[in-house]
Every structure is written in structure tokens, then in C-alpha cells.
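Enquirer: give me coordinates for this.
(chains A, B, C and D)
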Protein chains: 2
Amino acid sequence: MNILVVDDEIEIADLIELYLKNEGYNVYKTYSSEKALKIIEKRNIDLALLDIMTPDIDGFTLCQTIRRNHNFPIIMVTAKITDADKIKGLNIGADDYITKPFMPLELIARVKAQLRRYKSYNQSQNKILVIKDLTLDKDKHECLKNGKKINLTPTEFSILYLLASNKDKVITTKKLFEEVWKETYLTSSNATIMVHIRHLREKLGENDKIKYINTIWGVGYQIEK
Amino acid sequence: MNILVVDDEIEIADLIELYLKNEGYNVYKTYSSEKALKIIEKRNIDLALLDIMTPDIDGFTLCQTIRRNHNFPIIMVTAKITDADKIKGLNIGADDYITKPFMPLELIARVKAQLRRYKSYNQSQNKILVIKDLTLDKDKHECLKNGKKINLTPTEFSILYLLASNKDKVITTKKLFEEVWKETYLTSSNATIMVHIRHLREKLGENDKIKYINTIWGVGYQIEK
DNA sequence: CTTTTTCTTAATATTTTCTTAATATTTATT
DNA sequence: AATAAATATTAAGAAAATATTAAGAAAAAG
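Expert: Next up is the predicted model:
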């Protein structure tokens, strides 16, 4: 379990880190919001503890920004005890709220409560996907065709996994690019995707009889059940 | 959204009910834990607000009992402010904790926060429109006639979907063009639309018996229920 | 630092879709 | 019934989107 801690008060951040590490969590700690966003893009964060009063971007804005692309639980940690703030935080997409000074045990209990729920919801989302004779294992980053391994590059696997985890849905090239590359989509990005799609199709061994990836003209790509 | 409220203090239960109904939630209210369990078995509860101090079974036990079979969010409401209790509740399977006296806005905010999360995981229903023997699925970008797929171009699908999502309403050619093409309407645009409408009618297989798209002379086009 | 793998760019080819324009038909009005 | 206006039909060329290929750049591995 990877937990992100954002707090500009170094002592508090360190303290939280200590408690969490004690419980066996893997902690990413930072003192600024900007760095927090970078960590989120790189690491697979399962929960975030955000201070409201950070120097660069405030905690509310950070929370909002995160919610645009991520769904993991967010707990706001702060000295502010205004009820208005509390409500604002919850309405903006935060899942819980802890006021300083807090009891270590309460912090841990709230983190656990959020993670338990997050996990219980995520159980329904299989990490292993099956598409016709293909098996995709996200943890192993592995693609099997009839039990035989197909070597995919990271980008190829990401594209295939994204399409497979949205079975039947059409994923627009724009969305596909933004999800896989985590960059803003430009017209030129289109070409990049196309080449990867082609490589995928070749590796998967598409032919007249078996088609894995459908082109939905003018919209994007799709994988059927 | 069905919300269960369990509190032996009648005034408080009534108050909570009032707030929630005000927000448009459907509320099941009861003053005892035993009745609560019966309601849960019968109704499709989406969230529960439990008082800790109920006369028969205490709130903690109730929470535990519910958790054996159900996964919806549980918020504990109580006058007790012992930190130990707070932690116990969270560890037992509650998702959040509100202490009396509470602010109405905070109650609503916490309920919303929990439901948002619950829904975000449980939501995978497509927007599907049905017109006579046609089925339009926006996510799949697919049009079925009696379960058989009809291949539509992006423009054709957009036109059909626009008309179908405004059942019985007449869409002027101007509006249709502006909605689908996202450009300003010119007199020449009219011809373009007509050709697409024709293609649509052909692909949908209109004949003397079945008409999908009606021409409203001098105004535009329409799809009936 | 070198080698290997992976990714992106660019140029060209192919396919699909859209629009135009010319002609025909239908509808409403007088 | 004649006429004008609006819509329907048709086919073909233009435009847009995707596919393919190859080569060089970038990143990762050794």
C-alpha cells in the first residue's frame, strides 16, 4: 500500500510518516503540492493525506486536481477547524478529514477505514483480463495467447490493457493518449497511437478470422467481448 | 438513493430524516437496531447512518452485523466523543464518524462524499436509447436493429443519437447542423444534412411499414417514440 | 560506454467518409 | 392544376481518417 503524505510542516509530515511506516505502509512524503502531483503520476498511490495549508498550491486545489484523474481516497489533514472548510473539503472530493492535533491511533484508524473500503471496491475490478484467447495480467505485465507469452512493450501493454479494461466501450484516440501517455493530446499524437496499434495487431496475430482491436472510424478504438 | 437512519432519539432521527429528504434522498427511519436489520434485508440500502447508543443492540454490534453481508457505506452518529470509541467504530467497519451536535451541512457533505465514492465504483451502466426495434449505445458507438449491428458513420450516429435523445421533439435543420457539426449553419449545409438523413434511412431499412425519421416539412426532422 | 530495445517522426498508401452538384420528387399555396 | 419551395435521390470527386513502412531518436539494459 502506497500512501502519499503532503505537508509543509516538516515535523508533522515526518511524524505521520513514522506512524504509517510503523503500520507497514510504504510512504511517499513531500512538502509541496507540485512535487506531490509528480509523485502521483509516477507511483501507484493508494491513499493521500493532504495538508490544506501548503505554500504553493493549497490543499483544496490539490485535492481537486488529483480528483480529475484519480480515484484513491484522500484524507485532509489540517489545523483549520472551520466547519465551512470541513464541508468544502468533503464536497470537493475528499473522503475524510482529520484536525490537528490528532491522535496517532485515530489517524491510523481513518487510513485503514478508507483503505479497506477502497480495496473492497477494487476487488470487483479484476487485475487479470481475458479477451477471447488472450490473457492480460497487470501485475506481471504479461500477455498470453493460448497460454503462450507474447512480448509486448510497456506502451503496447498499456494500450491493450486500457482497451481491455473497457470492453465494448470505444476509447477515443484523445482519451487513449492522455491515459497512456499522461500528456496533453496533440494532433500529431494520433500518428504515434496508430503505429503502436499496428504493432499490437501484428504481435497479437490479427488476421481475417481473428480481430482483437476494432477501429471505430472517426471515434477511436475498441475491444469486443 | 436509499438511506437508512437508525437512532433511538426520536427528535434526532426525525431531524436527520428532514435534512436528507430535503436533498432528495429516500429515507428509511427506525428507532431500533432489530428493525434496522429487517429493513436492510428488504430494501436496497445505499448508505446507513447509525447511532451508537441504541436500546437493544448497540451501534458497534449493528455495524459489525451489517458488514457481514453488506458493503454500503456506514456513518456512525453519536454523542460519545471518546477517541477510543471513534477508533473502535472505524476499525469495526464504519466508514465515517459524526459527533453530535453536528451541523446539517456537514452531515450532508459526509453523506454525499461517501455516496460519491460508493457510486463511482458501482457505476458501469451505459446510456442506451431505444427507438422501436433500434438500440443506440453511446459508449459502444453502436446501433443495433433487432440485435443485429448496423454500421453507421460517426456523423450518421451523431444525427441519429441527437434525434433519438430528443424523442418526439422536432429538431430544426439549423440546430441539427450546429449540434452535430459544431459549425455555423449556412444554406448549403442543408444539402449535407439531407444526404446523411437519406443514408441513415437506407441503412436503418425504412420502408412503407417502418419509418424511423419523420420529415417535418419546413421545420426539420423528428423521431417518434 | 556500447548495445539493444523501444518510441516517435515522417512520408506514402489506402480506406472510409463527407460534400457537392445535378436532377427528381414531393408538398404547400394560389 | 400550376407553380414555387422544400426535400429526396444519385453519383462522383474531395477531404479526412486510418494503415503501413522505414528510419532515426530516445531510452533502457548490459
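Enquirer: give me the below-cutoff pLDDT ranges for chain A.
Expert: Low-confidence segments of chain A (pLDDT under 70): A:80-81, A:121-126.
Enquirer: got the domain ranges for it?
Expert: A:2-122, A:128-223 (automatic domain parsing).
Enquirer: can you tell which of the ones you listed is closest to B:Tyr212?
Expert: Closest to B:Tyr212 of the domains of chain A is domain A:128-223 (C-beta to C-beta; 21.7 Å). All C-beta spots, glycine's among them, are computed from the backbone N, C-alpha and C.
Enquirer: now the domains of chain A in a markdown table, with mean neighbour count?
Expert: Below are the domains of chain A laid out as a markdown table (neighbours: other C-beta atoms under 10 Å in any protein chain shown):
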| stretch | mean neighbour count |
| --- | --- |
| domain A:2-122 | 18 |
| domain A:128-223 | 15 |
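Enquirer: ok so A:Leu129 is a helix residue?
Expert: No. Using DSSP: H, G, I helix; E, B strand; the rest coil, the assignment for A:Leu129 is strand, not a helix.
Enquirer: ok, it - contacts?
Expert: Residues in contact with A:Leu129 (C-beta atoms under 8 Å, 6 or more residues apart in numbering or on different chains) are A:Thr135, A:Leu136, A:Lys138, A:Tyr161, A:Ala164, A:Ser165.
Enquirer: one more pass at 7 Å, please.
Expert: A:Leu136, A:Ala164, A:Ser165 (C-beta atoms under 7 Å, 6 or more residues apart in numbering or on different chains).
Enquirer: okay, which residue is most central for chain A?
Expert: A:His70 (5.0 Å; C-alpha atoms, centre = their mean).
Enquirer: how close does that one get to A:Thr54?
Expert: 18 Å (C-beta to C-beta, to the nearest Å).
Enquirer: please apply the same query to A:Lys138.
Expert: Distance of A:Lys138 to A:Thr54, computed by C-beta to C-beta: 32 Å.
Enquirer: check contacts around the residue nearest to the centre of chain A.
Expert: A:Ile40.
Enquirer: please identify the residues of chain A in proximity to chain B?
Expert: A:71, A:83, A:86-87, A:90-91, A:94-96, A:103, A:105-106, A:109-110, A:112-113, A:117, A:120-121, A:168-170, A:216-219 (C-beta under 7 Å from any C-beta of the partner chain).
Enquirer: contacts with DNA strand D among these, please.
Expert: Filtering these for proximity to DNA strand D (criterion: C-beta under 7 Å from any atom of the strand) leaves A:Trp217, A:Gly218, A:Val219.
Enquirer: surely the first one meets B:Pro154?
Expert: What that stands for is A:Trp217. Yes. Counting by C-beta atoms under 7 Å, A:Trp217 does reach B:Pro154; the two are 6.4 Å apart.
Enquirer: quick check: the nearest residue to A:Ile131 once chain neighbours are set aside vs A:Ile213, distance?
Expert: Nearest residue to A:Ile131 in three dimensions, chain neighbours excluded: A:Ala164, at 5.3 Å (C-beta to C-beta, 6 or more residues apart in numbering or on different chains). With distances taken as C-beta to C-beta, A:Ala164 is found 10 Å from A:Ile213.
Enquirer: overlap in contacts, the two.
Expert: A:Ile223.
Enquirer: residues in contact with A:Gln114?
Expert: Per C-beta under 7 Å, 6+ apart, neighbours of A:Gln114: A:Leu47, A:Pro73, A:Ile75, A:Asp95, A:Asp96.
Enquirer: between those residues, which is nearest DNA strand C?
Expert: Comparing the contacts of A:Gln114 against DNA strand C with C-beta to the nearest atom of the strand places A:Leu47 closest, at 28.5 Å.
Enquirer: how about the contacts made by the closest one?
Expert: Here A:Leu47 is in contact with A:Ile3, A:Phe72, A:Pro73, A:Val111, A:Gln114, A:Leu115 (C-beta under 7 Å, 6+ apart).
Enquirer: follow-up on the earlier one: can you redo the contacts of A:Gln114 as CSV with secondary structure?
Expert: Below are the contacts of A:Gln114 laid out as CSV (three-state DSSP):
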residue, secondary structure
A:Leu47, strand
A:Pro73, coil
A:Ile75, strand
A:Asp95, coil
A:Asp96, strand
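Enquirer: how about those in TSV, adding distance to B:Lys209?
Expert: Formatted as TSV, those follow (distance: C-beta to C-beta, whole Å):
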residue	distance to B:Lys209
A:Leu47	59
A:Pro73	56
A:Ile75	61
A:Asp95	55
A:Asp96	60
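Enquirer: just checking, A:Ile3 touches A:Tyr25?
Expert: Yes. Between A:Ile3 and A:Tyr25 there is a contact under C-beta under 7 Å: 4.9 Å.
Enquirer: what kind of secondary structure is A:Lys149 in?
Expert: The assignment at A:Lys149 comes out as strand when based on three-state DSSP.
Enquirer: where's it relative to A:Glu142, distance?
Expert: From A:Lys149 to A:Glu142 the distance is 7 Å (C-beta to C-beta).
Enquirer: A:Tyr212 too?
Expert: Note on A:Tyr212: its distance to A:Glu142, by C-beta to C-beta, is 16 Å.
Enquirer: quick one, helices of chain A?
Expert: For chain A, the helices defined by DSSP state H occupy A:10-22, A:33-42, A:59-69, A:83-92, A:104-122, A:154-164, A:173-181, A:189-204.
Enquirer: go through those helices and name the closest to B:Leu18.
Expert: helix A:83-92 (18.1 Å).
Enquirer: run through the residues of chain A sitting next to DNA strand D.
Expert: A:173, A:190-191, A:194-195, A:197-198, A:201, A:215, A:217-220.
Enquirer: mind running it again at 10 Å?
Expert: Residues of chain A lying close to DNA strand D by C-beta under 10 Å from any atom of the strand are A:153-154, A:172-173, A:187, A:190-202, A:206, A:213-221.
Enquirer: which of those residues come close to DNA strand C?
Expert: Among those, DNA strand C is touched by A:153-154, A:190-196, A:198-200, A:215-219 when using C-beta under 10 Å from any atom of the strand.
Enquirer: can you list the contacts of A:Gln114 in JSON lines and add distance to DNA strand C?
Expert: JSON lines is the format used below for these (distance: C-beta to the nearest atom of the strand, whole Å):
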{"residue": "A:Leu47", "distance to DNA strand C": "29"}
{"residue": "A:Pro73", "distance to DNA strand C": "30"}
{"residue": "A:Ile75", "distance to DNA strand C": "34"}
{"residue": "A:Asp95", "distance to DNA strand C": "34"}
{"residue": "A:Asp96", "distance to DNA strand C": "37"}
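Enquirer: how about those residues, which pair is most distant?
Expert: Maximum pairwise distance in the contacts of A:Gln114, criterion C-beta to C-beta, is 9.9 Å, between A:Leu47 and A:Asp96.
Enquirer: just the closest residue of chain A to chain B, please.
Expert: Minimum separation of chain A from chain B (C-beta to the nearest C-beta) falls at A:Gly218, amounting to 3.3 Å.
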